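**Q** Okay, here's the prediction I keep looking at, along with the sequence it came from:
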Amino acid sequence: KVIVIDFGGQYNQLVARRVRECNVYCEIYSYKTDIAQIKAMNPKGIILTGGPNSCYEADSPTCSKELFELGVPVLGLCYGAQLMMHVLGGKVEKAPVREYGKTEVMVDTSSPLFTGVSENTICWMSHFDYISKAAPGFNIVAHTADCPVAAAENQEKGLFAIQFHPEVLHTQEGTKMLHNFVRGICGCEGTWRMDSFVENTVKEIREKVGNGKVLLALSGGVDSSVAAGLLSRAIGKQLTCVFVDHGLLRKNEGDEVEEVFGPNGQFDLNFIRVNAQDRYYGKLAGVTEPEHKRKIIGEEFIRVFEEEAKKIGAVDFLAQGTIYPDVVESGLGGESAVIKSHHNVGGLPDFVDFKEIIEPLRNLFKDEVRKAGLELGIPEKLVFRQPFPGPGLGIRIIGEVNAEKVKIVQDADAIYREEVDKAVEEYTKANGKAPSWMPNQYFAALTNMRSVGVMGDERTYDYAVALRAVNTVDFMTAESAEIPFEVLQRVMSRIINEVKGVNRVMYDLTSKPPGTIEFE
Ligand code: XMP
């Protein structure tokens, strides 16, 4: 495997993903990781990521000189490149001209890093410091108009430094460069594939679990579904999945989950569906404060799951659908996000009687989880499901939640999703690519507002439905998606005609910030 050493750069996970796209397995570690530990992992290559600091300042993240003497190829990117030069005796200082954005880079194509790359190639630059002098023993193999050392190499020692970001897609031939490093220079064979992942993981699960019992809370989301598929293939009926239908799922979603994982589905496992709708509606009656609602929904889930777990009795393993970004974001893997703690990591339920936790997707990125899901035969509809929050429709109904409101928002949302999906499909068929407005998340919400309308000859006094659709990369910031007006009009007219209790449809234009994606 290849090790990615994280110096806090915003693209650290992207570096790892790109490496895996070369069919090479890699993991992210913090720059604080002990050199002995790195050595013990016996990596085939090491990549140092970018970071926000200046390497010549006293308390900046650094690395031991020994890292460059392991006999393992090392590639430094941006901050990583500067650090490599700094540690090995080159000079890094504040750049007279700060480079940011797409930049033309002149490269020496005789360098193994740039094999097959054009001599003038567009790369993504983002730096305020620059390498003014390469370290002794290094040749300069790329430059730009403003940057004398855009890349340097010491081929004999297998050390390479790149000032720009090959992991960002704006670097037009970046993938080729990373491929050259991991497959060429490091000599990785490129055997990391999802079919081998599924096969190997099934084997590992069997060895670990033996004839023990495993319990999994299945939400119907991508991660827990793929975890269920993997475990089922490995251990069949030794796996019990508990699926809690809290009555706040999208239209027909409970039945769809049951179709795939229930007794008539394709997977061999024990499936327990708990229909807890009435319990939830009972607890939520009269509650209007958003945080209070979220708290009730969360706590009730624990209670319901606890009751089921008690019925099952002691299990050997509790399985969770934790994925790699959850691990990194919890500060366990990389550097950047000691900031956030993740609900999937750490907070283990203490009411379930189990010996050990099992997390079969712990090393996968989301797109890899999806590939594994397809490999396992989980339907595409489920594998490519858009994100859906744990509290479900509970945070898409403003104010009090009750069965009637749930039904309204379910029906309106189903129409909206159907029409948007149809429009996306038609556009894609006609143009050979998805539309630029294709939202990353889109749903209907029920406002708590009623207003006067007229239908036929009658006055109505009904609810307003809000349509939300956003374009976003990371869900931290988002723009409202420009869904074509005729699509929105079709949705509006269908909702008004088909959903009882609604007489007005609005489109939410708010970006995040200041809005959030959900409504509560
Ligand atoms: P907001 O509303 O914070 O949403 O802009 C950002 C993303 O997170 C999802 N979300 C949640 N997911 N439990 C979840 O599992 C939650 O409580 C929750 N709240 C928001 C939301 O759907 C969006 O993708």
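**A** Perfect, thanks for sending it.

**Q** which ones are touching residue 51?
**A** Residue 51 makes contact with 7, 8, 9, 61, 78, 79, 80, 335, according to CB atoms under 8 Å, 6 or more residues apart in numbering. From N, CA and C alone the C-beta is placed, and that goes for glycine too.

**Q** again, but for residue 445
**A** With contact taken as CB under 8 Å, 6+ apart, residue 445 is in contact with 396, 397, 398, 409, 465, 466, 468, 508, 518, 519.

**Q** Give the helix, strand or coil label for it.
**A** Of the three states, residue 445 takes strand under DSSP: H, G, I helix; E, B strand; the rest coil.

**Q** got it, and residue 57?
**A** Following three-state DSSP, the label given to residue 57 is coil.

**Q** next one: the one 4 residues further on
**A** Applying three-state DSSP to residue 61 yields a three-state assignment of coil.

**Q** rewinding a little: now the contacts of residue 51 as CSV including secondary structure?
**A** Formatted as CSV, the contacts of residue 51 follow (three-state DSSP):
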residue, secondary structure
7, coil
8, coil
9, coil
61, coil
78, coil
79, helix
80, helix
335, coil
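
**Q** what helices or strands is the helix or strand bottoming out on mean pLDDT in the chain leaning on?
**A** Of all helical and strand segments in the chain, the minimum by mean pLDDT, DSSP states H and E falls on helix 324-329, at a mean of 78. Using 3 or more CB pairs under 8 Å, 6 or more residues apart in numbering; DSSP states H and E, the elements in contact with helix 324-329 are helix 12-21.

**Q** tilt between the very next helix or strand once past the helix it packs on and helix 12-21?
**A** Next helix or strand after helix 12-21 toward the C-terminus (DSSP states H and E): strand 26-30. Put simply, strand 26-30 runs at 160 degrees to helix 12-21, going by axes from the mean of the first three to the mean of the last three CA atoms, to 10 degrees.

**Q** who does strand 26-30 pair up with?
**A** strand 2-6 (parallel) (DSSP bridges).

**Q** How about the residues of the stretch 401-520 of the chain by the ligand?
**A** For the stretch 401-520 of the chain, the residues in contact with the ligand (CB under 6 Å from any ligand atom) are 441, 475, 512, 516, 517, 518.

**Q** same thing but 8 Å
**A** Within reach of the ligand by CB under 8 Å from any ligand atom, the stretch 401-520 of the chain has these residues: 441, 475, 476, 478, 512, 515, 516, 517, 518, 519.

**Q** ok, the residue nearest the centre of the chain - contacts?
**A** For the chain, residue 366 is the residue whose C-alpha lies nearest the centre (CA atoms, centre = their mean; 4.8 Å). Contacts for residue 366 (CB under 8 Å, 6+ apart) come out as 222, 323, 325.

**Q** What is the nearest of those residues to residue 303?
**A** In terms of CB to CB, no member of these lies closer to residue 303 than residue 222, at 25.3 Å.

**Q** Count the neighbours of the closest one for me.
**A** Residues near residue 222, counting by other CB atoms under 10 Å, number 23.

**Q** same question, the one 4 residues further on
**A** Here the count is done by other CB under 10 Å, and residue 226 has 28 residues near it.

**Q** May I have the phi/psi pair for the closest residue to residue 133 other than its chain neighbours?
**A** Spatial nearest neighbour of residue 133, excluding adjacent residues (CB to CB, 6 or more residues apart in numbering): residue 91 at 4.0 Å. For residue 91, the backbone dihedrals are phi -130, psi 130 (criterion: degrees, to the nearest 10).

**Q** Export stretch 376-384 to CSV, keeping only CA atoms.
**A** Coordinates of each C-alpha in stretch 376-384 appear next as CSV, following Å, rounded to 0.1, in the frame of the first residue of the first chain:
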residue,chain,number,x,y,z
LEU,A,376,-23.0,-7.4,-4.0
GLY,A,377,-26.1,-7.0,-6.2
ILE,A,378,-27.9,-4.3,-4.1
PRO,A,379,-30.3,-2.5,-6.5
GLU,A,380,-29.0,0.7,-8.0
LYS,A,381,-31.9,2.7,-6.6
LEU,A,382,-30.6,2.0,-3.1
VAL,A,383,-26.9,2.3,-4.0
PHE,A,384,-27.3,5.7,-5.5
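
**Q** ok, and for that stretch, which residues are buried?
**A** For stretch 376-384, the neighbour count (16 or more other CB atoms under 10 Å) marks 376, 378, 379, 382, 383 as buried.
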